[in-house]
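Peer 1: just coords:
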């Protein structure tokens, strides 16, 4: 409990003791009414002074019709009519309900607060002279070396250059098992180095780092309200004035009518009914419990490593009927490895791998990186990038580059000149460079270039490689030449496989059990996509898709949705950003996903675990179920008690239950959103 909550609890206990003591005492000892009034005003002001002050302050600011005004009018009116005990009891139980609500909000806020605590206040920057200074993370430049001691949080994203440690990523991912981290591995801000000192070279500015993005998402999430929350806000805006004027009419109209027909007015009776009507009508149960339910659901999700950018997305997720998955990096690990190399004719295996690596060395695509890794492992050599030029990325097809091959025995030197760095080549007289154009990509690229492929392969992701000799001349003379009139020789292909994530199949089973249709979109061949779809267990799949085709497929699926069903898309790459934005709900992989994908998404999975989607569905559906329960329960009880109060069948004690009792029950029900089993 906070200090304020403890003070409120003490006030409730003191007031309760005084009310019970005074009620018992005055039951056995009759005293003048003014003594009874003064003594009951003591517990009344102890428990209700802050409510009265808020009511007065709100009235001064033009905010008349709120729960403080209702409580003040109802309790003062009850005391004015001699119902001292009931007046104090209404205020006491209202404050008990507020205490319950405060504690419940505190619990759900704790999960958010734990997440907000992941931001270190300083970064230990290592300088060239060996000194270390503490600096504000905002002031640390990209490429700086920072030192993270055991037990400290990583302040900025970067790459470990020295040291080994175990990383606690629980605050970001919800994963309790520490992860081993070694040199050359990426580390994200917000993690805790548990076992050792590491030195990290920063790769991002603080404002672009993971921890900063997360804090921004959490801080902005409360601004995006669900439809149910917006409904309740509008409901309270019109409901409160209506019931106040209705209570006034209940106090005035019946006595006036009675007088007109010759009956006693009974002003006191109708005043008590009007006051009871006011107490019953207080909308606290609905107004408090609905936002609290969503807040609890978002807090529960964050503790599991699922960042929801607003309660509107949590609400939409509960109505999701179709979830579309990108394959690479989403259902698979995105770590490709060369599995097989198929050569054509007399082309050697080494020659094919070398040409493929020269073509792919200019790309940072995971497939390209797997080929360059295989080349370095095979030849223990780096690719000479100075010999590669005119790189052209062909979206959805592959890549083409021009490569100059130097004669054997040629030496290349670089020297400074007034015009910059110039190249000096020392080669034997009469020897010429040979310039090639290399093509590396999928079967569509080969067909586009009219390259004959004798044998197609479809057991995985396949990179086909071809080349053409452009000329044997200096670079300046041939840089604008093309290969249209030159014969293109097909060299062979390289088969690359991506490993399936261990939880992908379980994720599909979990979603299927909830009645969710799952669709996989991939650029793989039909056979490779079919094999992967069978292994992961998706409902259906689409293969051989270009980046733009994914948007078209999502459009078709959106057009086929029934009723109010929603579509969610799950992806991780930059090319997924348009689809993430187009879907009803975009879900991005937060650990390895691109910044563009995370920015476009509505929900972020901090540990890239697709099984968390099924968990997020459970959280959203449970939250919506609780919200509907609270709205239905609260409004039903309110309407019933309002009718009974207007007819005189409900006294002030029933009014207390209708107000405070319903609020306490609704708040307690709302706290269930904080706990969802994995």
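Peer 2: Now that the structure is in, tell me what you want to look at. Computed from a predicted structure; not experimentally measured. Numbers count the residues shown, from 1 in each chain.

Peer 1: Flag the shaky bits of the stretch 401-550 of the chain, pLDDT-wise.
Peer 2: When residues are selected by pLDDT under 70, those of the stretch 401-550 of the chain lie in 408-431, 472-486, 547.

Peer 1: Which stretches in it count as strands?
Peer 2: 411-417, 420-426, 434-441, 461-471, 489-500, 517-521, 540-542 (DSSP state E, counting those that start in this stretch).

Peer 1: what pLDDT does the spatially most distant residue from the centre of the chain get?
Peer 2: Largest separation from the mean C-alpha position in the chain: residue 262, at 67.7 Å (Cα atoms, centre = their mean). pLDDT, residue 262: 88.

Peer 1: which stretches of the stretch 251-400 of the chain form helices?
Peer 2: 267-281, 284-303, 311-318, 349-360, 366-379 (DSSP state H, counting those that start in this stretch).

Peer 1: which one of these lies closest to residue 520?
Peer 2: Of all those, helix 366-379 sits nearest to residue 520, with 17.4 Å by Cβ to Cβ. To be clear about C-beta, it is placed using only N, CA and C from the backbone, and glycine gets the same treatment.

Peer 1: Tabulate the strands of the stretch 401-550 of the chain in JSON lines, adding columns for mean neighbour count.
Peer 2: Output for those, formatted as JSON lines (neighbours: other Cβ atoms under 10 Å):
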{"stretch": "strand 411-417", "mean neighbour count": "9"}
{"stretch": "strand 420-426", "mean neighbour count": "9"}
{"stretch": "strand 434-441", "mean neighbour count": "23"}
{"stretch": "strand 461-471", "mean neighbour count": "23"}
{"stretch": "strand 489-500", "mean neighbour count": "20"}
{"stretch": "strand 517-521", "mean neighbour count": "22"}
{"stretch": "strand 540-542", "mean neighbour count": "18"}
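
Peer 1: And these: which comes nearest residue 66?
Peer 2: From those, taking Cβ to Cβ, the stretch that ends up closest is strand 517-521, at 45.3 Å.

Peer 1: can you list the residues that contact that closest one?
Peer 2: Contacts with strand 517-521, where a contact means Cβ atoms under 8 Å, 6 or more residues apart in numbering, come from 321-327, 331, 508, 511-512, 529, 532-533, 536-542, 545, 549-550, 553, 557.

Peer 1: and if you look at stretch 138-156?
Peer 2: 118-120, 122-126, 132, 137, 158, 161, 165, 167, 187-207, 209, 211.

Peer 1: List buried residues within those residues.
Peer 2: 118-120, 123-126, 137, 158, 165, 167, 187-193, 195, 198-202, 204-206, 209, 211 (16 or more other Cβ atoms under 10 Å).

Peer 1: confidence score at the closest residue to residue 169 other than its chain neighbours?
Peer 2: Spatially, and ignoring its direct neighbours in sequence, residue 169 is nearest to residue 191 (5.0 Å; Cβ to Cβ, 6 or more residues apart in numbering). Per-residue confidence (pLDDT) for residue 191: 82.

Peer 1: Next: residue 13.
Peer 2: Looking at residue 13, its pLDDT stands at 93.

Peer 1: Tell me how many other residues crowd it.
Peer 2: Look at residue 13: counted by other Cβ atoms under 10 Å, it has 10 neighbours.

Peer 1: And residue 207, how close does it get to residue 614?
Peer 2: Here the distance between residue 207 and residue 614 works out to 33 Å (Cβ to Cβ, to the nearest Å).

Peer 1: To clarify, my last question referred to residue 26.
Peer 2: In terms of Cβ to Cβ, residue 26 sits 61 Å off from residue 614.

Peer 1: In terms of neighbours, single out the busier of these two.
Peer 2: A side-by-side neighbour count of residue 26 and residue 614, using other Cβ under 10 Å, places residue 614 first with 21 against 16.

Peer 1: what about the more buried one, which SS state?
Peer 2: With DSSP: H, G, I helix; E, B strand; the rest coil as the basis, residue 614 sits in helix.

Peer 1: Let me know whether it touches residue 514 as I believe.
Peer 2: Yes: with contact defined as Cβ atoms under 8 Å, residue 614 reaches residue 514; the gap is 6.9 Å.

Peer 1: ok so, going back, for the strands of the stretch 401-550 of the chain, which one sits closest to residue 369?
Peer 2: Closest approach to residue 369 among the strands of the stretch 401-550 of the chain (Cβ to Cβ): strand 489-500, 10.3 Å.

Peer 1: tell me what the closest one is packed against?
Peer 2: Contact partners of strand 489-500 among helices and strands, from 3 or more Cβ pairs under 8 Å, 6 or more residues apart in numbering; DSSP states H and E: strand 332-343, helix 349-360, helix 366-379, strand 461-471, helix 526-536.
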